[in-house]
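Chemist: Okay, here's the prediction I keep looking at, along with the sequence it came from:
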Amino acid sequence: MSSPATVAAALREGAATLAASLAEVGDTARLDAELLMAHALGVSRSDLLLRHMAAAVPGGFAALIARRAAAEPVAYILGEQEFFGLPFRVTPDVLIPRADSEVLVEAALGHAAARGIAGAKLLDCGTGSGCLLLAVLHGLPGAMGVGIDRSAPALAIAAENARRLKLADRARLVLADWHEAGWERDLGAPFDLILANPPYVEADAPLDSGVRDHEPASALFAGPEGLDDYFCLIPQLPALLAPDGLALLEIGATQAEAVADIAAASGLASRLYRDLAGRARVLALSHVGAAA
Ligand code: GLN
């Protein structure tokens with residue numbers, strides 16, 4: 001087959017290649033091809049569509065399509081993913097921010113607004129790219145936050161994102177693991193808001209190959225039922241949470257009841273938030289008796 005002469009023709013061909021290669025990219029094949037082409041040209045996607053369709057095909061586009069056709073996530077190829085309207089640098093050392101997690105940021109901002117705690121103190125457990133912590137800090141200009149992670153390479157990405165978003169002076173990033181005694185000692189508890197998107201996927205869950213083969217396993221899997229990290233972290237939350245503070249935990253769609261039970265056994269009340277698709281996505285935990 002001859003090489004396509006124009007960007008427009010290469011996009012058609014690239015999208016067809018992606019659609020044929022992987023069932024899971026089927027419905028985003030055209031979008032993915034456009035994002036990769038814009039990246040190869042060094043322009044935005046809207047600029048690509050408005051101004052570059054008749055241009056010559058940039059060298060490197062075919063290689064990007066080949067990577068995507070082998071299930072590498074677009075965000076890792078581009079090195080960036082938007083979350084809550086902000087650009088985050090991502091590498092395979094961090095989980096790719098998901099739109100599903102934006103409900104957690106909204107709940108955090110809503111709690112701070114309702115309580116009038118613009119100067120809130122935040123803790124983000126398992127910060128990864130920093131997306132939860134930094135999106136909340138961006139929305140609360142008076143707040144300070146600590147993000148912890150057990151992965152040093154992930155913390156380096158979070159630090160880069162804090163700098164790029166001009167939030168480095170309000171975000172402290174600390175290497176720590178909630179499985180280890182004393183991990184919380186110097187973090188500055190109690191916190192008004194605790195955020196966490198811990199690993200919660202069942203060890204043998206059927207995941208898309210883009211997730212299973214490319215995203216960090218240590219950020220995804222948490223034992224046979226995906227509950228291991230909740231069993232470890234939730235009993236530690238009462239000591240970390242201010243009297244009327246709120247802990248917002250992302251959960252798997254089928255885990256609301258099990259996680260609420262763990263919370264209740266730790267003296268915490270829970271309230272469920274759903275994501276845009278109507279799935280259970282976040283449990284908000286507070287001390288029993290605190291105003292909800
Ligand atoms: N939402 C992610 C997924 O479904 C899982 C994130 C996590 O385990 N914290 O792939």
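Modeler: Great, that's in hand.

Chemist: from what I can see H214 touches Y76, true?
Modeler: Yes: in this structure, H214 is within contact of Y76 by Cβ atoms under 8 Å, at 6.2 Å. C-beta coordinates here come from the backbone N, C-alpha and C atoms, glycine included.

Chemist: Residues in contact with both of these two, list them for me.
Modeler: Common neighbours of H214 and Y76, using Cβ atoms under 8 Å, 6 or more residues apart in numbering, are P92.

Chemist: With neighbour numbers in mind, choose between these two.
Modeler: Neighbours per residue (other Cβ atoms under 10 Å) separate H214 from Y76, with Y76 holding more: 19 against 16.

Chemist: So that one sits against L95, correct?
Modeler: No: judged on Cβ under 8 Å, Y76 makes no contact with L95 at a distance of 10.9 Å.

Chemist: got a list of contacts for whichever strand or helix holds R163?
Modeler: Assessed by DSSP states H and E, R163 sits inside helix 152-164. Residues from elsewhere that reach helix 152-164 (Cβ under 8 Å, 6+ apart): 87-91, 93-94, 127-131, 133-134, 147, 149, 168, 171, 173-175, 216, 219.

Chemist: interface residues of this structure facing the ligand?
Modeler: Contacts of the chain with the ligand, taken as Cβ under 6 Å from any ligand atom, map to R98, N197, P198, P199, Y200, V201, V211, L220, E250.

Chemist: Among these, list the two that are farthest apart in space.
Modeler: Using Cβ to Cβ, the pair of the residues of the chain next to the ligand lying farthest apart is P198 and V211, separated by 16.1 Å.

Chemist: Of those two, which one has the most company?
Modeler: P198 (21 against 17).

Chemist: And the more buried one, its phi and psi?
Modeler: phi -80, psi 170 (degrees, to the nearest 10).

Chemist: wouldn't it be in contact with L249 here?
Modeler: Yes: here P198 lies in contact with L249, judged by Cβ under 8 Å, at a distance of 7.1 Å.

Chemist: Now for these two: what residues contact both?
Modeler: Shared contacts of P198 and L249, defined by Cβ under 8 Å, 6+ apart, comprise Y230, L233.

Chemist: Which parts of this structure are strands?
Modeler: Ranges of strands within the chain are 80-83, 86-89, 121-125, 144-149, 171-175, 191-196, 241-250, 268-274, 280-287, based on DSSP state E.

Chemist: I'd like those strands laid out as a markdown table, including mean pLDDT.
Modeler: Converted to a markdown table, the strands of the chain look like this (pLDDT from 0 to 100):
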| stretch | mean pLDDT |
| --- | --- |
| strand 80-83 | 97 |
| strand 86-89 | 98 |
| strand 121-125 | 98 |
| strand 144-149 | 98 |
| strand 171-175 | 98 |
| strand 191-196 | 98 |
| strand 241-250 | 96 |
| strand 268-274 | 97 |
| strand 280-287 | 97 |
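
Chemist: Alright, calling it a day.
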